[in-house]
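Participant: return atomic coordinates for the entry below.
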Amino acid sequence: MIVDAHLHLCPRGVSSMPGGPRRRSMGYGLVDLEGRRVRYFPPSFYDSKFSPEMALAFMDWAGVGGAFLLQGAMYGLQNEEVAQAVWKWPEKFLGFAMVDPRDGERSARELELWHRHGIRGLKVEVPGFPGMSIVGEREREVWAKCAELGIILALHLDPSSPEATDGIRAVAEEFPEMDIIICHMGLPPKKGWEERALLAKLPNVYLELSGLPALYSHEGYPYPGAKEAIRWTLEKVGPEKVLWGSDAPSILTYCTYPQTLEFVSEVLDGRERELVLGGNALSIRNRAS
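Facilitator: Okay, the predicted model is just below:
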């Protein structure tokens with residue numbers, strides 16, 4: 001089964017994060033961001049929303065059998081929406097919550113609540129909140145709860161963060177029982193991406209390939225530079241540590257949903273295809289269930 005390891009939902013539209021920039025869905029793929037019209041989705045998204053039913057239709061179009069439902073600040077909090085999708089389609093979706101790691105014990109309790117509602121992952125942007133430290137004591141309480149409950153930790157690493165490598169390594173080594181997924185393969189071709197990608201040499205750290213069409217949009221489809229980066233990564237960390245992901249729906253302003261899968265498939269041989277396109281994600285999912 002093919003699994004998309006990085007898919008987003010916003011069935012009620014884009015919203016603002018607490019204390020973050022004001023965002024709201026407009027129409028035809030546009031979002032109002034602090035008074036500016038920003039294209040988030042193709043114009044065919046008439047209400048600028050992305051429901052689980054739409055996600056399933058896109059997945060069916062590309063032959064994708066399951067997906068990890070991640071979150072991101074650009075969409076706003078979608079915890080309830082993700083939990084509802086997992087409850088309704090448990091065979092299709094594995095859900096990730098988003099909480100503020102700076103709140104320590106309180107966020108750990110909130111995460112435990114979402115876990116009781118079927119959530120099996122946590123998405124964190126580093127440094128997604130002012131003053132956040134991935135190796136801080138309050139944040140550590142959240143990682144410890146992830147390890148205790150078997151929750152997957154998915155990380156979007158800001159290349160400018162000094163914690164984007166050493167901090168992740170420290171957390172991975174302190175909590176070896178916790179699976180960690182680094183989103184967007186460490187953000188190539190941005191400076192230092194190779195060092196971030198090599199974190200997947202740690203036993204419990206994985207990479208996923210989502211968002212590369214946006215990062216290599218200057219090249220156009222089929223993104224030869226992205227293919228070279230994927231090939232380099234496979235040779236350095238092994239296909240057992242790499243997962244395919246799309247980053248839909250925002251990625252659909254750069255290419256079609258099937259193309260997010262096709263250009264990656266072209267890089268892979270038979271065994272790599274089996275692992276990267278679904279086998280690794282299914283193994284991680286089974287450990288978190």
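Participant: where exactly do the strands run in the stretch 101-250 of the chain?
Facilitator: Using DSSP state E, counting those that start in this stretch, the strands assigned to the stretch 101-250 of the chain run over residues 121-126, 152-157, 180-182, 205-208, 242-243.
Participant: what helices or strands is the fourth one leaning on?
Facilitator: Which is strand 205-208. With contacts defined as 3 or more Cβ pairs under 8 Å, 6 or more residues apart in numbering; DSSP states H and E, strand 205-208 has these neighbours: strand 180-182, strand 242-243. Backbone N, C-alpha and C define where each C-beta goes, glycine included.
Participant: kindly report the same for the last one.
Facilitator: Contacts defined by 3+ Cβ pairs under 8 Å, 6+ apart place strand 242-243 against strand 205-208, helix 224-237, helix 280-288.
Participant: the first one now?
Facilitator: Using 3+ Cβ pairs under 8 Å, 6+ apart as the contact criterion, the neighbours of strand 121-126 among helices and strands are strand 66-70, strand 93-97, strand 152-157.
Participant: apply 6 Å and report the result again.
Facilitator: If you count contacts as 3 or more Cβ pairs under 6 Å, 6 or more residues apart in numbering; DSSP states H and E, strand 121-126 packs onto strand 93-97, strand 152-157.
Participant: pick out the shakiest of the ones you listed, pLDDT-wise.
Facilitator: The minimum mean pLDDT among the helices and strands packed on strand 121-126 belongs to strand 152-157 (a mean of 96).
Participant: chain center to it, what's the gap?
Facilitator: Centroid separation for strand 152-157 versus its chain: 7 Å, with Cα atoms, centre = their mean, to the nearest Å.
Participant: picking that back up, and the strands of the stretch 101-250 of the chain: which comes nearest residue 75?
Facilitator: Using Cβ to Cβ as the measure, strand 121-126 is the one of those that comes nearest residue 75, at 10.6 Å.
Participant: grab the nearest non-local neighbour of the residue sitting furthest away from the middle of the chain.
Facilitator: Of all residues in the chain, residue 35 sits farthest from the chain's C-alpha centroid, using Cα atoms, centre = their mean; the distance is 27.1 Å. What sits nearest to residue 35 in space, not counting adjacent residues and going by Cβ to Cβ, 6 or more residues apart in numbering, is residue 22, at 8.0 Å.
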